[in-house]
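Enquirer: I'll drop the sequence and a predicted model, then ask my questions.
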Amino acid sequence: MRRPSQKERSGELPCRPAPHRSEETQPESPRRRLGLIGLCGLAVAIAFLWQPPPAEAIREFREEFLVLYVNRDSDDPTDQAFAELVEKADCYLCHEGRLRRDRNRYGAALAELLDRFEDRRDAARIRAALQKVDEIRSDAEDDQSPTFGELIRAGKLPGGELKEDDETERRDP
């Protein structure tokens with residue numbers, strides 16, 4: 001802004017204010033527009049990422065289960081059906097629901113014996129825990145219930161039947 005001259009200060013010349021541009025007539029700056037677009041994009045990204053993660057199995061635990069119990073190369077229809085059932089169950093072999101902490105009975109029994117951080121690279125410890133859980137009754141309240149191993153040998157999922165909800169939840173992104 002310019003300084004008023006001596007004459008303007010003494011009042012001889014009228015001091016004109018600078019022309020005022022209202023905000024409606026002032027063009028929007030490109031920087032402000034980019035900032036608004038970026039802010040909207042960030043809000044949309046957060047909204048999509050804010051969903052709870054699906055339950056996920058620890059790959060090493062699952063691989064040891066497959067080695068011990070699933071015989072894909074067998075000609076026996078029971079073995080083939082069990083292999084397909086385990087493949088379909090995926091994470092829901094030990095988990096239920098959408099959160100990692102939601103485990104079925106089999107997953108809860110394994111969680112008591114294994115730590116997902118410390119034991120995930122120890123194949124011998126994983127295998128020993130799977131074999132120990134084999135001998136545990138599937139229903140702790142019922143002494144007549146089959147063991148998890150008996151369920152597996154019968155071609156059934158050790159944590160119980162796969163629910164339709166579980167299958168559709170796993171398939172949805």
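Expert: Great, that's in hand. Residues are numbered from 1 along each chain as shown.
Enquirer: restrict stretch 145-154 to CA atoms and write it as CSV.
Expert: Output of stretch 145-154 as CSV, limited to C-alpha atoms (Å, rounded to 0.1, in the frame of the first residue of the first chain):
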residue,chain,number,x,y,z
SER,A,145,-17.4,-85.2,22.9
PRO,A,146,-14.9,-86.2,20.3
THR,A,147,-11.4,-84.9,20.4
PHE,A,148,-10.2,-82.4,17.8
GLY,A,149,-8.1,-85.2,16.3
GLU,A,150,-11.1,-87.5,16.0
LEU,A,151,-13.1,-84.8,14.2
ILE,A,152,-10.2,-84.2,11.8
ARG,A,153,-9.8,-88.0,11.1
ALA,A,154,-13.6,-88.1,10.5
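Enquirer: which strands or helices does the biggest helix by length in the chain pack on?
Expert: Longest helix in the chain, counting residues (DSSP state H): helix 30-49. Helices and strands touching helix 30-49, by 3 or more CB pairs under 8 Å, 6 or more residues apart in numbering; DSSP states H and E: there are none. Backbone N, C-alpha and C define where each C-beta goes, glycine included.
Enquirer: just the CA trace of it, in PDB.
Expert: This file holds the C-alpha atoms of helix 30-49, laid out as PDB (Å, rounded to 0.1, in the frame of the first residue of the first chain):
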ATOM      1  CA  PRO A  30      -5.400 -22.700  -7.700                       C
ATOM      2  CA  ARG A  31      -3.400 -23.500  -4.500                       C
ATOM      3  CA  ARG A  32      -6.600 -23.300  -2.400                       C
ATOM      4  CA  ARG A  33      -8.500 -25.500  -4.900                       C
ATOM      5  CA  LEU A  34      -5.700 -28.100  -4.800                       C
ATOM      6  CA  GLY A  35      -5.800 -28.000  -1.000                       C
ATOM      7  CA  LEU A  36      -9.600 -28.700  -1.000                       C
ATOM      8  CA  ILE A  37      -9.300 -31.500  -3.400                       C
ATOM      9  CA  GLY A  38      -6.400 -33.100  -1.400                       C
ATOM     10  CA  LEU A  39      -8.400 -32.800   1.800                       C
ATOM     11  CA  CYS A  40     -11.500 -34.400   0.200                       C
ATOM     12  CA  GLY A  41      -9.300 -37.200  -1.200                       C
ATOM     13  CA  LEU A  42      -7.800 -37.800   2.200                       C
ATOM     14  CA  ALA A  43     -11.200 -38.000   3.800                       C
ATOM     15  CA  VAL A  44     -12.300 -40.600   1.200                       C
ATOM     16  CA  ALA A  45      -9.200 -42.700   1.700                       C
ATOM     17  CA  ILE A  46      -9.600 -42.700   5.500                       C
ATOM     18  CA  ALA A  47     -13.300 -43.800   5.100                       C
ATOM     19  CA  PHE A  48     -12.300 -46.800   3.000                       C
ATOM     20  CA  LEU A  49      -9.400 -47.800   5.200                       C
END
